[in-house]
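# next come a sequence and a model predicted from it.
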Amino acid sequence: MKEYKKEFIEFLAENNALKFGEFTLKSGRKSPYFINTGMFKDGKGVSKLGEFYAKAIKDNFSDFDVLFGPAYKGIPLCVSTVMKLNELELNKGYAFNRKEAKDHGEKGNVIGETLEGKKVLIIDDVITAGTAVKETIEVLKENGNPKISGIIISVNRKEKGSGEKSAIQELEESLSIKIACIVDFDEIAEYLHNRKINGKVILDDTMHEKMMEYKKEYGVK
């Protein structure tokens with residue numbers, strides 16, 4: 001596992017953006033872990049988060065012109081990450097959308113780089129059912145209809161959607177695009193097992209077993 005992935009897992013755990021216990025998801029499933037990158041609410045946290053995204057992007061995507069952040073969570077992710085990409089000598093444009101179009105000033109519902117004729121990489125937090133991604137693609141079609149180079153997210157939970165495949169796998173197949181992440185379920189479970197974070201083991205044998213049971217019931221390859 002690459003070093004930045006390990007650092008990202010620790011970063012999530014140290015800032016309580018990754019918790020273990022019992023959490024009820026929107027799907028109704030009882031999950032033994034929960035991730036919320038919305039915990040990063042200051043300059044230091046968002047800047048560091050952008051750094052991890054930038055490193056994952058450099059690992060997975062090379063051919064794109066614009067980083068697009070869907071409103072609203074995608075906006076700070078987009079801006080922070082494009083700045084960190086520049087530090088990695090990848091100077092890319094950025095753009096994001098409004099929920100409602102303006103008819104004055106900067107008209108329309110997309111702010112930032114022009115999208116027409118460009119290759120766009122979408123950045124987001126997580127993908128659950130894939131509904132938000134489909135909405136984002138519709139926004140892009142209506143604003144220049146750029147080529148979609150792929151999607152980058154923070155964590156891939158690697159679990160089934162309504163069928164045997166995950167929403168991510170279904171989207172990759174239906175849209176013919178690559179979806180990459182900073183880390184996935186297996187990397188989190190492997191790296192944190194019996195490892196101390198802030199002097200405390202947060203994923204002991206008992207909790208790790210619950211993770212594996214959850215994977216057996218809901219996981220995908």
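Sure, I can see it. Residues are numbered from 1 along each chain as shown.

# rest of the way, CA atoms for contacts and neighbours
OK.

# residues near the residue nearest to I197 when sequence neighbours are not counted, how many?
Nearest residue to I197, sequence neighbours excluded (Cα to Cα, 6 or more residues apart in numbering): E14, at 6.6 Å. The local packing of E14 (other Cα atoms under 10 Å) involves 13 other residues.

# ok, and the closest non-adjacent residue to K30?
T24 (4.7 Å).

# and what of L12?
Using Cα to Cα, 6+ apart, the closest residue to L12 is L18 (5.2 Å).

# buried residues in the helix ranked longest in the chain?
Longest helix in the chain by number of residues (criterion: DSSP state H): helix 43-60. Of all the residues in helix 43-60, those buried under the rule 16 or more other Cα atoms under 10 Å are 45-57, 60.

# which two among those are spaced furthest apart?
G45 and N60 (22.9 Å; Cα to Cα).

# what pLDDT does the model give the residue nearest to I197?
With respect to pLDDT, E14 scores 94.

# now do it against N91, distance only.
Counting by Cα to Cα, to the nearest Å, the gap from E14 to N91 is 30 Å.

# which other helices and strands does the strand or helix carrying K210 contact?
Using DSSP states H and E, K210 falls within helix 205-218. Applying 3 or more Cα pairs under 8 Å, 6 or more residues apart in numbering; DSSP states H and E, one finds that helix 205-218 contacts strand 30-35.

# in the strand it packs on, what's buried?
Residues 31-35 are the ones in strand 30-35 that count as buried (16+ other Cα under 10 Å).

# ok, of those residues, which one's closest to M1?
Using Cα to Cα, the buried residues of strand 30-35 come closest to M1 at I35, 20.0 Å.

# any idea what the closest one is bridged to?
Beta bridges link I35 to L18, judged by DSSP bridges.

# just checking, which helix or strand of this structure averages the lowest pLDDT?
Within the chain, no helix or strand scores below strand 93-102, which has a mean of 82 by mean pLDDT, DSSP states H and E.

# so what's the gap between that one and the chain middle?
19 Å (Cα atoms, centre = their mean, to the nearest Å).

# next SSE after it?
Next element after strand 93-102 (DSSP H and E): strand 108-112.

# what about that following strand, average pLDDT?
87.

# what's the angle from the helix holding K210 to strand 30-35?
110 degrees (axes from the mean of the first three to the mean of the last three Cα atoms, to 10 degrees).

# tabulate the CA atom coordinates of helix 205-218 in CSV.
Extracted in CSV, the C-alpha atoms of helix 205-218 (Å, rounded to 0.1, in the frame of the first residue of the first chain):
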residue,chain,number,x,y,z
ASP,A,205,-9.9,-8.2,16.6
THR,A,206,-13.6,-8.1,17.6
MET,A,207,-14.4,-5.0,15.4
HIS,A,208,-12.3,-6.4,12.6
GLU,A,209,-14.4,-9.6,12.6
LYS,A,210,-17.5,-7.4,12.4
MET,A,211,-15.9,-5.7,9.3
MET,A,212,-15.3,-9.0,7.7
GLU,A,213,-18.9,-10.2,8.5
TYR,A,214,-20.2,-7.0,6.9
LYS,A,215,-18.0,-7.6,3.8
LYS,A,216,-19.2,-11.2,3.5
GLU,A,217,-22.8,-10.1,3.5
TYR,A,218,-22.6,-6.9,1.5
